[in-house]
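J.: I'll drop the sequence and a predicted model, then ask my questions.
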Amino acid sequence: MVVQSLFPRLLHLPFFRKPTNTLFFLNPLNPKPALNPSSRPFTTLLRSTLVAPPSLEDDDADLLAAAVPQIPADRLFVPPETEFPTGDAAALSARVLKGSNIVLSKYARDAQVVQAEFVKSSVRTEDCPSDGLPEFALVGRSNVGKSSLLNSLVRRKRLALISKKPGKTQCINHFRINDSWHLVDLPGYGYAAAPQELRTDWTKFTKDYFLNRSTLVGVFLLIDASIPAKKIDLEYASWLGQNQVPMTLIFTKCDKRKKKKNGGKRPEENVQDFQELIRGFFETAPPWIMTSSVTNMGRDEVLLHMAQLRNYWLKH
Ligand code: GDP
């Protein structure tokens, strides 16, 4: 598999590891149960009732308390080379990033964005920048909030508008951050109004990028947490899992709250449901983070997560 040769340095990360049962990926809507948690690394250090750490900002504390009441150890994303005193679940829980399943590691540094600039739009993987900088790709259904998240990450109100200009919406758009890494805006998928042939083209073209871009550290798949899981998103997650493309789930619009009496679910419930649905696609649960571009919830956590993946990638 091409991807294995692209990510040899990362294959020992839990979420980069080759799945042992490819049948897991056959039916996104009816996944098989996850593997036995006891077979996973790090779990011996942990108890199964880790709680979220105290929030750094209290404005969305109630939402987060409901969102991450307890994360079982086997559902955490623990970066490699993360050390904890044996059996010290409290020490570990204090290092779980707010509104996520991601544990803070020694690689979490240089997370702040001080400079961001548009580099170029490419229509083929071969035309992407060749400076060798590590990169993260943002992808999601049209209207999921990708541009808003990109702007929120770089703290620039209109940077992502560049990729919305005519001619660029179907491109791979590279933004250079701090002169040391790239954020990549990929075409949104599932836009109902697009002609079928265009939709297929976008898929082919993005898949080629995922499989052949050697500097791609991870794909950030955006999922709208204000609505129930969509089949196309589950299929996307399944495809990434099947092809062992390193992936993080970014749940967007987590500030939007639907009243139960209207039949709608809360973002945290949709987040849980989505994870249940994709459980069978991965040997170990992929990293996930809840975000809102309205409240900026999750922004710093996404940047920290990117920093630790990037720094680990650079070192190995
Ligand atoms: P894109 O098509 O994926 O780039 O999505 P946009 O960033 O353009 O956002 C689509 C719509 O969702 C816009 O009306 C945004 O204002 C809205 N939106 C985006 N992010 C959020 C969010 O975090 N919370 C809420 N409530 N609305 C959002």
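T.: That came in fine, so what should we check first?

J.: interface residues of the stretch 51-200 of the chain facing the ligand?
T.: Within reach of the ligand by Cβ under 6 Å from any ligand atom, the stretch 51-200 of the chain has these residues: 140, 142-148, 188. C-beta coordinates here come from the backbone N, C-alpha and C atoms, glycine included.

J.: now, those that are in strands?
T.: Restricting these to those inside strands, with DSSP state E as the criterion, leaves G140.

J.: now the residues of the stretch 51-200 of the chain next to the ligand as CSV including neighbour count and pLDDT?
T.: Listed next are those as CSV, based on neighbours: other Cβ atoms under 10 Å; pLDDT from 0 to 100:
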residue, neighbour count, pLDDT
G140, 22, 94
S142, 14, 90
N143, 13, 92
V144, 26, 95
G145, 24, 95
K146, 25, 94
S147, 20, 92
S148, 18, 94
G188, 22, 87
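
J.: among the residues of the stretch 51-200 of the chain next to the ligand, which lie within helices?
T.: Counting by DSSP state H, the part of these found in helices is 146-148.

J.: now do the strands in the stretch 1-150 of the chain.
T.: 116-122, 135-140 (DSSP state E, counting those that start in this stretch).

J.: most packed of those strands?
T.: For the strands of the stretch 1-150 of the chain, average neighbour numbers computed from mean count of other Cβ atoms under 10 Å are highest in strand 135-140, which has a mean of 23.

J.: the nearest residue to G188 once chain neighbours are set aside and L211, how far apart?
T.: Spatial nearest neighbour of G188, excluding adjacent residues (Cβ to Cβ, 6 or more residues apart in numbering): S142 at 3.7 Å. Distance of S142 to L211, given as Cβ to Cβ, to the nearest Å: 23 Å.

J.: helices along the chain, start to end?
T.: 2-6, 61-67, 89-93, 146-154, 196-212, 231-242, 267-278, 299-315.

J.: from the middle of its chain, how far away would stretch 247-259 be?
T.: 12 Å (Cα atoms, centre = their mean, to the nearest Å).

J.: need the helices of the chain in JSON lines (columns: distance to C171).
T.: Written out in JSON lines, the entries for the helices of the chain read as follows (distance: least, Cβ to Cβ, whole Å):
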{"stretch": "helix 2-6", "distance to C171": "22"}
{"stretch": "helix 61-67", "distance to C171": "34"}
{"stretch": "helix 89-93", "distance to C171": "41"}
{"stretch": "helix 146-154", "distance to C171": "14"}
{"stretch": "helix 196-212", "distance to C171": "9"}
{"stretch": "helix 231-242", "distance to C171": "19"}
{"stretch": "helix 267-278", "distance to C171": "28"}
{"stretch": "helix 299-315", "distance to C171": "22"}
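
J.: mean neighbour count, these: which tops it?
T.: helix 146-154 (a mean of 22).

J.: how far off centre is it?
T.: On the basis of Cα atoms, centre = their mean, the separation between the geometric centre of helix 146-154 and that of its chain is 14 Å.

J.: show me what that helix is packed against.
T.: Applying 3 or more Cβ pairs under 8 Å, 6 or more residues apart in numbering; DSSP states H and E, one finds that helix 146-154 makes contact with strand 135-140, strand 172-177, strand 181-185, strand 247-252, helix 299-315.

J.: export those to JSON lines and tack on distance to V114?
T.: Formatted as JSON lines, those follow (distance: least, Cβ to Cβ, whole Å):
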{"stretch": "strand 135-140", "distance to V114": "17"}
{"stretch": "strand 172-177", "distance to V114": "9"}
{"stretch": "strand 181-185", "distance to V114": "12"}
{"stretch": "strand 247-252", "distance to V114": "22"}
{"stretch": "helix 299-315", "distance to V114": "11"}
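
J.: relative to I102, which of those is closest?
T.: Ranking these by proximity to I102 (Cβ to Cβ) places helix 299-315 first, at 5.3 Å.

J.: do that closest one and the ligand meet?
T.: No: applying Cβ under 6 Å from any ligand atom, one finds helix 299-315 separated from the ligand by no less than 10.3 Å.

J.: stretch 216-228 now?
T.: No: Stretch 216-228 lies apart from the ligand when judged by Cβ under 6 Å from any ligand atom; the minimum separation is 6.9 Å.

J.: what's the mean pLDDT across that stretch?
T.: Confidence over stretch 216-228 (mean pLDDT, whole number) is 97.

J.: just checking, L138 touches P187?
T.: No: taking contact to mean Cβ atoms under 8 Å, the distance of 10.7 Å between L138 and P187 leaves them out of contact.

J.: format the ones in helices among the residues of the stretch 51-200 of the chain next to the ligand as JSON lines; extra columns: distance to C254.
T.: Conversion of those to JSON lines gives the following (distance: Cβ to Cβ, whole Å):
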{"residue": "K146", "distance to C254": "15"}
{"residue": "S147", "distance to C254": "17"}
{"residue": "S148", "distance to C254": "12"}
